[in-house]
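Chemist: output the structure for:
(4 chains)
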There are 2 protein chains.
Amino acid sequence: MSDQIPAISEAESRVMEALWRKAPQRSEDIVAAVQQANDWHEKTIRTLLGRLLGKGAVSAEKEGRRYLYSPTLRREQWQWQESRSLLDRVFGGRLSLLLAHFSEHEKLGAKDIAELRKLLDAIEKKGR
Amino acid sequence: MSDQIPAISEAESRVMEALWRKAPQRSEDIVAAVQQANDWHEKTIRTLLGRLLGKGAVSAEKEGRRYLYSPTLRREQWQWQESRSLLDRVFGGRLSLLLAHFSEHEKLGAKDIAELRKLLDAIEKKGR
DNA sequence: CAGCAAAGATTACAAGCGTAGTCTTTTACT
DNA sequence: AGTAAAAGACTACGCTTGTAATCTTTGCTG
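Modeler: Now for the predicted structure:
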């Protein structure tokens, strides 16, 4: 049922980041926030905001003559979509391949490893 | 120096998969292989192959009047690029966030978990 | 009250992508 | 030799994306 939101693009996601950090916000503030992190023209940011509205990833409610924007797509959900997509596209859905990959290339600190072990324990326990 | 290969698209990566599985191959065989997995028109696949050539992700050498195609971009490298990209774009580069994410959402089978543990052991040992 | 400035709406435009179709060249047959 | 078929080259076309510029409306300001 949850009407599918079309994929959001890289640039669009930068605008979402601003909204995930704080919402609702007026476009002016969104523009300011996004410009903090990305040196984009104000017009560009407004365009992206508009597209996100069109995609249903953000909603807008009138506040006086302006709008207040809020994210509809939750960050978690987006992260999940992107992760699944990578996993399926690149690693044939096999998580262990992904992890093996990171383990080879990424410096996994002792802390990371400990964290991972804890994760595994928790998963295993939960899984019965 | 390593002249950067432009990002390859989703569809293009399907063609790469065929070449990663076996190379070099004649276009005819690539077409056949890709059609196994994706129901695309022969012309489409040839177009993608051409674009990959243009991007320098595959090379071609004449074999008689035809070409033999081989991947230039290694699969590992591509997987790495995609993974880094996800990690940076979506999780701010923090691997632990990604992992926590998967641990929450992914159903890890007992086999996955065992495999992961083994991985962790190996990593730890290697890391001293 | 007349005109400007800001928020939003609409339009622009090139590059990349998915998905082919058409044109050209070359070889293999009849 | 003439011709069809296959491989490759070139062309097509609508959609998305990045990156804005222009147009419209409307409250605010002098």
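Chemist: host element of A:A60?
Modeler: Assigned by DSSP states H and E, A:A60 belongs to strand A:58-63.
Chemist: again, but for A:A122
Modeler: Judged by DSSP H and E, A:A122 forms part of helix A:110-126.
Chemist: alpha carbons of that helix, in CSV - could you do that?
Modeler: The C-alpha coordinates for helix A:110-126 follow below in CSV (Å, rounded to 0.1, in the frame of the first residue of the first chain):
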residue,chain,number,x,y,z
ALA,A,110,39.4,-3.9,16.7
LYS,A,111,36.4,-1.9,17.8
ASP,A,112,34.6,-2.5,14.5
ILE,A,113,35.3,-6.2,14.9
ALA,A,114,34.1,-6.3,18.4
GLU,A,115,31.0,-4.5,17.4
LEU,A,116,30.4,-6.9,14.6
ARG,A,117,30.8,-9.9,16.9
LYS,A,118,28.2,-8.4,19.2
LEU,A,119,25.9,-7.9,16.3
LEU,A,120,26.3,-11.4,15.3
ASP,A,121,25.6,-12.7,18.8
ALA,A,122,22.5,-10.6,19.0
ILE,A,123,21.2,-11.7,15.7
GLU,A,124,21.9,-15.3,16.4
LYS,A,125,20.1,-15.1,19.7
LYS,A,126,17.1,-13.3,18.3
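Chemist: ok, and does it reach over to chain B?
Modeler: Yes: with CB under 8 Å from any CB of the partner chain as the criterion, chain B is reached by helix A:110-126 at A:110, A:112-113, A:115-117, A:119-120, A:122-124. Quick note: C-beta positions are derived from backbone N, CA and C, even for glycine.
Chemist: ok but A:Y67 is inside a strand, no?
Modeler: Yes: counting by DSSP: H, G, I helix; E, B strand; the rest coil, A:Y67 is found in a strand.
Chemist: which residues touch it?
Modeler: A:Y67 makes contacts with A:26-27, A:60-61, as judged by CB atoms under 8 Å, 6 or more residues apart in numbering or on different chains.
Chemist: repeat that for 10 Å
Modeler: A:24-27, A:49, A:53, A:58-61 (CB atoms under 10 Å, 6 or more residues apart in numbering or on different chains).
Chemist: cool, and A:T47?
Modeler: A:11-12, A:15, A:40-41.
Chemist: filter those residues to the buried ones?
Modeler: Among these, those classed as buried by 16 or more other CB atoms under 10 Å in any protein chain shown are A:12, A:15, A:40.
Chemist: for A:W40, see how far away A:A32 is.
Modeler: In this view, A:A32 and A:W40 are 12 Å apart by CB to CB, to the nearest Å.
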